[in-house]
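Engineer: compute the structure for the input listed below.
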Amino acid sequence: MRLRIFLFLFLVSCSCCFGQSATSSLYPVQSGFVDSHGVLIYYETVGRGAPLMIVHGGPGASHDYFLPYLLPLMRSIKLVFIDERGSGKSAKVEDPKQYNVANMVEDLEAVRVALGLGKISMLGHSFGGVLVEAYALKYQKNLSHLILGSTFASTQEINEALAKMKADMDPKDRERLNALEAAGLFGKGEIWEHGRYPEEYAKLAWGKGYFPYIYVNQPDPNYDPVSSNTTTAWDVYREMWGSDGEFIVDGNLKEVEYVDRLSEIKVPTLIIVGEHDESDPKMSKEMHERIAGSQLVILPRSGHMTFVDQPEMFLKTVREFVAH
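Structural biologist: Numbering: from 1, shown residues only. Below is the predicted model of the structure:
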(Lines give C-alpha, C1' and ligand atoms only; values in the text may rest on other atoms or scores of the structure.)
Protein backbone atom coordinates (compact mmCIF):
# COMPACT_ATOMS: atom_id res chain seq x y z
CA MET A 1 0.00 0.00 0.00
CA ARG A 2 2.78 2.40 0.97
CA LEU A 3 4.59 1.52 -2.26
CA ARG A 4 1.52 2.41 -4.35
CA ILE A 5 1.14 5.73 -2.52
CA PHE A 6 4.84 6.49 -3.07
CA LEU A 7 4.59 5.67 -6.79
CA PHE A 8 1.47 7.83 -7.14
CA LEU A 9 3.14 10.81 -5.46
CA PHE A 10 6.27 10.31 -7.56
CA LEU A 11 4.27 10.29 -10.80
CA VAL A 12 2.31 13.39 -9.78
CA SER A 13 5.57 15.16 -8.94
CA CYS A 14 7.10 14.21 -12.30
CA SER A 15 3.96 15.30 -14.13
CA CYS A 16 4.08 18.70 -12.44
CA CYS A 17 7.76 19.10 -13.25
CA PHE A 18 7.23 18.20 -16.88
CA GLY A 19 4.26 20.56 -17.05
CA GLN A 20 6.27 23.40 -15.59
CA SER A 21 9.12 22.69 -17.99
CA ALA A 22 6.81 22.74 -20.98
CA THR A 23 5.17 25.93 -19.79
CA SER A 24 8.48 27.67 -19.14
CA SER A 25 9.63 27.02 -22.71
CA LEU A 26 6.41 28.25 -24.33
CA TYR A 27 6.00 31.90 -25.34
CA PRO A 28 2.63 32.46 -27.06
CA VAL A 29 2.24 35.51 -29.28
CA GLN A 30 -0.88 37.61 -28.76
CA SER A 31 -1.90 40.09 -31.40
CA GLY A 32 -4.76 42.37 -32.21
CA PHE A 33 -5.83 45.94 -32.85
CA VAL A 34 -6.45 48.88 -30.55
CA ASP A 35 -8.88 51.57 -31.67
CA SER A 36 -6.97 54.81 -31.10
CA HIS A 37 -9.27 57.74 -31.73
CA GLY A 38 -10.74 55.99 -34.77
CA VAL A 39 -7.45 54.55 -36.11
CA LEU A 40 -6.79 50.82 -35.69
CA ILE A 41 -3.27 50.23 -34.34
CA TYR A 42 -1.80 46.75 -34.68
CA TYR A 43 0.11 45.21 -31.76
CA GLU A 44 1.86 41.96 -30.88
CA THR A 45 2.91 40.88 -27.40
CA VAL A 46 5.19 38.03 -26.34
CA GLY A 47 7.20 37.13 -23.28
CA ARG A 48 7.07 37.36 -19.50
CA GLY A 49 7.90 40.14 -17.11
CA ALA A 50 7.46 43.88 -16.97
CA PRO A 51 6.26 45.35 -20.30
CA LEU A 52 8.59 47.02 -22.80
CA MET A 53 6.85 48.78 -25.69
CA ILE A 54 9.04 48.85 -28.82
CA VAL A 55 8.51 51.67 -31.30
CA HIS A 56 9.88 51.32 -34.82
CA GLY A 57 11.53 53.83 -37.12
CA GLY A 58 10.85 55.01 -40.62
CA PRO A 59 8.64 56.91 -40.76
CA GLY A 60 6.64 54.29 -42.59
CA ALA A 61 8.46 51.10 -41.59
CA SER A 62 6.94 48.43 -39.31
CA HIS A 63 7.94 46.39 -36.29
CA ASP A 64 9.11 43.54 -38.53
CA TYR A 65 12.71 44.73 -38.77
CA PHE A 66 13.20 44.08 -35.05
CA LEU A 67 12.58 40.37 -35.66
CA PRO A 68 14.10 38.01 -34.77
CA TYR A 69 16.83 40.13 -33.17
CA LEU A 70 14.98 41.35 -30.06
CA LEU A 71 13.13 38.11 -29.34
CA PRO A 72 15.61 36.75 -26.74
CA LEU A 73 14.48 39.57 -24.45
CA MET A 74 11.11 37.87 -24.08
CA ARG A 75 12.56 35.40 -21.56
CA SER A 76 12.50 38.12 -18.91
CA ILE A 77 10.53 40.99 -20.47
CA LYS A 78 7.05 41.25 -21.96
CA LEU A 79 7.68 42.69 -25.42
CA VAL A 80 4.96 44.89 -26.91
CA PHE A 81 5.52 45.58 -30.61
CA ILE A 82 3.33 48.01 -32.50
CA ASP A 83 2.93 49.27 -36.05
CA GLU A 84 2.49 53.04 -36.14
CA ARG A 85 -0.59 54.49 -37.83
CA GLY A 86 -0.47 54.07 -41.60
CA SER A 87 2.42 51.57 -41.36
CA GLY A 88 2.67 47.79 -41.34
CA LYS A 89 -0.65 46.23 -40.39
CA SER A 90 -2.12 49.37 -38.81
CA ALA A 91 -4.88 51.29 -40.52
CA LYS A 92 -4.39 54.11 -43.01
CA VAL A 93 -5.99 57.52 -42.59
CA GLU A 94 -7.59 59.46 -45.41
CA ASP A 95 -5.92 62.76 -44.58
CA PRO A 96 -2.08 62.40 -44.61
CA LYS A 97 -1.79 65.42 -42.31
CA GLN A 98 -2.96 63.07 -39.55
CA TYR A 99 0.44 61.37 -39.75
CA ASN A 100 2.29 63.43 -37.18
CA VAL A 101 4.19 63.01 -33.95
CA ALA A 102 1.37 64.26 -31.70
CA ASN A 103 -1.15 61.74 -33.04
CA MET A 104 1.34 58.88 -32.91
CA VAL A 105 2.08 59.68 -29.26
CA GLU A 106 -1.64 59.34 -28.54
CA ASP A 107 -1.60 55.98 -30.34
CA LEU A 108 1.15 54.73 -28.00
CA GLU A 109 -0.88 55.84 -25.01
CA ALA A 110 -4.04 54.21 -26.38
CA VAL A 111 -2.23 50.87 -26.70
CA ARG A 112 -0.83 51.13 -23.18
CA VAL A 113 -4.27 51.84 -21.73
CA ALA A 114 -6.15 49.25 -23.81
CA LEU A 115 -3.73 46.46 -22.90
CA GLY A 116 -3.76 47.43 -19.23
CA LEU A 117 0.03 47.69 -19.11
CA GLY A 118 0.27 50.18 -16.29
CA LYS A 119 3.69 51.79 -15.93
CA ILE A 120 5.89 50.64 -18.80
CA SER A 121 9.35 50.79 -20.27
CA MET A 122 9.53 52.17 -23.79
CA LEU A 123 12.19 51.72 -26.47
CA GLY A 124 12.23 53.86 -29.59
CA HIS A 125 14.62 53.22 -32.46
CA SER A 126 15.54 55.88 -35.04
CA PHE A 127 12.38 57.88 -35.82
CA GLY A 128 10.70 55.79 -33.11
CA GLY A 129 13.05 57.46 -30.65
CA VAL A 130 11.52 60.81 -31.56
CA LEU A 131 8.08 59.41 -30.72
CA VAL A 132 9.13 58.07 -27.32
CA GLU A 133 10.87 61.37 -26.49
CA ALA A 134 7.61 63.16 -27.26
CA TYR A 135 5.73 60.54 -25.22
CA ALA A 136 8.05 61.08 -22.27
CA LEU A 137 7.58 64.84 -22.46
CA LYS A 138 3.79 64.39 -22.18
CA TYR A 139 3.20 61.10 -20.32
CA GLN A 140 6.30 60.74 -18.17
CA LYS A 141 4.25 59.49 -15.23
CA ASN A 142 3.44 56.32 -17.19
CA LEU A 143 7.09 55.37 -17.78
CA SER A 144 9.42 53.25 -15.67
CA HIS A 145 12.33 53.29 -18.15
CA LEU A 146 13.10 55.08 -21.42
CA ILE A 147 15.44 53.74 -24.11
CA LEU A 148 16.52 56.04 -26.95
CA GLY A 149 18.13 54.00 -29.70
CA SER A 150 20.03 55.56 -32.62
CA THR A 151 17.81 58.62 -32.65
CA PHE A 152 17.75 62.42 -32.59
CA ALA A 153 16.08 65.25 -30.71
CA SER A 154 16.55 67.97 -33.32
CA THR A 155 15.64 67.93 -37.01
CA GLN A 156 18.24 70.62 -37.61
CA GLU A 157 20.91 68.33 -36.17
CA ILE A 158 19.81 65.22 -38.09
CA ASN A 159 19.82 67.29 -41.28
CA GLU A 160 23.42 68.26 -40.55
CA ALA A 161 24.31 64.59 -40.07
CA LEU A 162 22.56 63.62 -43.31
CA ALA A 163 24.32 66.40 -45.23
CA LYS A 164 27.66 65.09 -44.00
CA MET A 165 26.79 61.56 -45.13
CA LYS A 166 25.91 62.89 -48.57
CA ALA A 167 29.13 64.92 -48.74
CA ASP A 168 31.13 61.77 -47.96
CA MET A 169 29.71 59.85 -50.95
CA ASP A 170 31.76 59.14 -54.06
CA PRO A 171 31.63 62.40 -56.08
CA LYS A 172 30.17 60.67 -59.17
CA ASP A 173 27.44 59.03 -57.12
CA ARG A 174 26.68 62.28 -55.34
CA GLU A 175 26.49 64.17 -58.63
CA ARG A 176 23.99 61.69 -60.02
CA LEU A 177 22.01 61.76 -56.77
CA ASN A 178 21.79 65.55 -56.93
CA ALA A 179 20.64 65.40 -60.55
CA LEU A 180 17.83 62.97 -59.69
CA GLU A 181 16.72 65.15 -56.78
CA ALA A 182 16.75 68.27 -58.93
CA ALA A 183 14.55 66.53 -61.52
CA GLY A 184 11.97 65.55 -58.87
CA LEU A 185 11.79 62.11 -57.28
CA PHE A 186 8.13 61.24 -57.68
CA GLY A 187 5.78 60.73 -60.62
CA LYS A 188 8.50 58.88 -62.55
CA GLY A 189 8.45 55.58 -64.44
CA GLU A 190 5.37 53.40 -64.77
CA ILE A 191 2.13 54.51 -63.19
CA TRP A 192 2.56 52.10 -60.26
CA GLU A 193 5.98 53.60 -59.52
CA HIS A 194 4.85 57.22 -59.31
CA GLY A 195 4.46 57.28 -55.54
CA ARG A 196 7.95 56.08 -54.63
CA TYR A 197 11.60 56.74 -55.41
CA PRO A 198 12.97 55.75 -58.83
CA GLU A 199 14.94 52.53 -58.48
CA GLU A 200 18.20 54.25 -59.38
CA TYR A 201 17.73 56.79 -56.61
CA ALA A 202 16.84 54.10 -54.04
CA LYS A 203 20.06 52.25 -54.86
CA LEU A 204 22.15 55.39 -54.63
CA ALA A 205 20.59 56.78 -51.45
CA TRP A 206 19.77 53.68 -49.41
CA GLY A 207 22.64 51.71 -50.91
CA LYS A 208 25.73 53.78 -51.69
CA GLY A 209 24.82 56.62 -49.33
CA TYR A 210 23.35 54.90 -46.27
CA PHE A 211 24.80 51.38 -46.17
CA PRO A 212 28.15 52.30 -44.55
CA TYR A 213 26.19 53.87 -41.67
CA ILE A 214 23.60 51.10 -41.28
CA TYR A 215 25.83 48.04 -40.83
CA VAL A 216 29.48 47.61 -39.91
CA ASN A 217 30.11 44.41 -37.97
CA GLN A 218 27.40 42.08 -39.33
CA PRO A 219 25.74 43.41 -42.49
CA ASP A 220 22.39 41.80 -43.14
CA PRO A 221 22.92 39.62 -46.25
CA ASN A 222 19.28 40.25 -47.18
CA TYR A 223 19.58 44.03 -47.17
CA ASP A 224 18.24 45.42 -50.42
CA PRO A 225 17.64 49.14 -50.99
CA VAL A 226 15.17 48.34 -53.79
CA SER A 227 12.98 46.13 -51.60
CA SER A 228 12.96 48.90 -48.99
CA ASN A 229 11.54 51.08 -51.74
CA THR A 230 8.47 48.87 -51.99
CA THR A 231 7.85 48.17 -48.28
CA THR A 232 7.87 51.75 -47.02
CA ALA A 233 4.49 53.34 -46.31
CA TRP A 234 5.06 56.24 -48.68
CA ASP A 235 2.05 58.31 -47.64
CA VAL A 236 3.43 58.36 -44.09
CA TYR A 237 7.01 58.88 -45.22
CA ARG A 238 6.38 61.81 -47.53
CA GLU A 239 4.16 63.63 -45.05
CA MET A 240 6.65 63.29 -42.23
CA TRP A 241 10.11 63.06 -43.82
CA GLY A 242 9.33 65.04 -46.96
CA SER A 243 9.52 64.60 -50.74
CA ASP A 244 12.95 66.04 -51.51
CA GLY A 245 15.10 63.01 -50.89
CA GLU A 246 16.89 61.06 -48.23
CA PHE A 247 19.36 63.67 -47.12
CA ILE A 248 16.98 66.39 -45.98
CA VAL A 249 14.06 66.17 -43.55
CA ASP A 250 11.57 68.82 -44.65
CA GLY A 251 8.20 67.22 -43.90
CA ASN A 252 6.28 67.81 -40.69
CA LEU A 253 9.18 66.38 -38.68
CA LYS A 254 10.69 69.84 -39.05
CA GLU A 255 8.81 70.68 -35.85
CA VAL A 256 10.96 68.25 -33.84
CA GLU A 257 13.28 70.43 -31.76
CA TYR A 258 13.35 68.87 -28.30
CA VAL A 259 16.94 69.51 -27.21
CA ASP A 260 16.04 72.37 -24.87
CA ARG A 261 13.28 70.27 -23.27
CA LEU A 262 15.25 67.07 -22.65
CA SER A 263 16.09 68.19 -19.12
CA GLU A 264 12.40 67.70 -18.31
CA ILE A 265 12.87 63.93 -18.63
CA LYS A 266 13.45 62.50 -15.15
CA VAL A 267 12.80 58.77 -15.66
CA PRO A 268 15.77 56.37 -15.91
CA THR A 269 17.01 56.76 -19.48
CA LEU A 270 19.35 54.63 -21.60
CA ILE A 271 20.78 56.15 -24.77
CA ILE A 272 22.28 53.56 -27.10
CA VAL A 273 23.90 54.26 -30.47
CA GLY A 274 26.33 52.72 -32.94
CA GLU A 275 29.87 54.01 -33.23
CA HIS A 276 29.29 54.56 -36.97
CA ASP A 277 25.56 55.31 -36.75
CA GLU A 278 23.74 57.41 -39.35
CA SER A 279 22.26 59.13 -36.30
CA ASP A 280 25.57 60.80 -35.49
CA PRO A 281 26.72 59.69 -31.98
CA LYS A 282 27.42 63.32 -31.10
CA MET A 283 23.63 63.79 -30.94
CA SER A 284 23.40 60.92 -28.43
CA LYS A 285 26.17 62.49 -26.38
CA GLU A 286 24.23 65.75 -26.30
CA MET A 287 21.05 63.93 -25.19
CA HIS A 288 23.08 62.23 -22.45
CA GLU A 289 24.31 65.62 -21.22
CA ARG A 290 20.78 67.04 -21.19
CA ILE A 291 19.00 64.14 -19.43
CA ALA A 292 20.21 63.99 -15.84
CA GLY A 293 21.33 60.55 -14.69
CA SER A 294 21.03 59.03 -18.15
CA GLN A 295 23.26 56.18 -19.30
CA LEU A 296 25.07 56.39 -22.67
CA VAL A 297 26.29 53.28 -24.47
CA ILE A 298 28.14 53.56 -27.80
CA LEU A 299 28.42 50.15 -29.42
CA PRO A 300 31.74 49.57 -31.22
CA ARG A 301 31.81 48.47 -34.86
CA SER A 302 28.13 49.20 -35.20
CA GLY A 303 25.98 51.26 -37.53
CA HIS A 304 22.33 52.26 -37.23
CA MET A 305 21.13 48.67 -36.82
CA THR A 306 22.84 48.18 -33.48
CA PHE A 307 20.86 45.08 -32.54
CA VAL A 308 22.01 43.40 -35.77
CA ASP A 309 25.65 44.52 -35.69
CA GLN A 310 26.20 43.84 -31.97
CA PRO A 311 23.26 41.69 -30.83
CA GLU A 312 24.73 40.32 -27.59
CA MET A 313 25.95 43.73 -26.42
CA PHE A 314 22.63 45.33 -27.31
CA LEU A 315 20.48 42.69 -25.59
CA LYS A 316 22.64 42.58 -22.46
CA THR A 317 22.55 46.37 -22.16
CA VAL A 318 18.77 46.57 -22.51
CA ARG A 319 18.10 43.56 -20.27
CA GLU A 320 20.24 44.91 -17.43
CA PHE A 321 18.88 48.43 -17.77
CA VAL A 322 15.19 47.55 -17.48
CA ALA A 323 15.90 45.15 -14.60
CA HIS A 324 16.84 48.06 -12.33
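
Engineer: next structured bit after the helix or strand bottoming out on mean pLDDT in the chain?
Structural biologist: The element with the least model confidence among the helices and strands of the chain, by mean pLDDT, DSSP states H and E, is helix 2-24, at a mean of 43. Toward the C-terminus, helix 2-24 is succeeded by strand 30-36 as the next helix or strand (DSSP states H and E).

Engineer: helices or strands up against that following strand?
Structural biologist: Applying 3 or more C-beta pairs under 8 Å, 6 or more residues apart in numbering; DSSP states H and E, one finds that strand 30-36 makes contact with strand 39-46, helix 101-114. In this view, the C-beta of every residue, glycine as well, is placed from N, C-alpha and C.

Engineer: within its sheet, name the partner strands of the very next helix or strand once past the last one and how each one runs.
Structural biologist: With elements assigned by DSSP H and E, the helix or strand that comes after helix 101-114 is strand 120-125. If you go by DSSP bridges, strand 120-125 pairs up with strand 51-55 (parallel), strand 143-149 (parallel).

Engineer: domain parsing for this protein?
Structural biologist: 30-156+256-322, 159-215+224-252 (automatic domain parsing).

Engineer: among the ones you listed, which is the most enclosed?
Structural biologist: Comparing the domains of the chain by mean neighbour count (mean count of other C-beta atoms under 10 Å), domain 30-156+256-322 ranks first with a mean of 20.

Engineer: next, the residue most central in space within the chain: phi, psi?
Structural biologist: Of all residues in the chain, the one closest to the mean position by C-alpha atoms, centre = their mean is residue 56, 2.5 Å from it. Torsion angles at residue 56 (phi, psi; degrees, to the nearest 10) stand at phi -80, psi 170.

Engineer: do I have it right that it meets residue 89?
Structural biologist: No - shown here, residue 56 and residue 89 do not form a contact pair, counting by C-beta atoms under 8 Å, at 12.0 Å.

Engineer: identify the contacts common to the two.
Structural biologist: 62, 83 (C-beta atoms under 8 Å, 6 or more residues apart in numbering).

Engineer: quick revisit: in TSV, list the domains of the chain along with distance to residue 24.
Structural biologist: Converted to TSV, the domains of the chain look like this (distance: least, C-beta to C-beta, whole Å):
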stretch	distance to residue 24
domain 30-156+256-322	9
domain 159-215+224-252	34
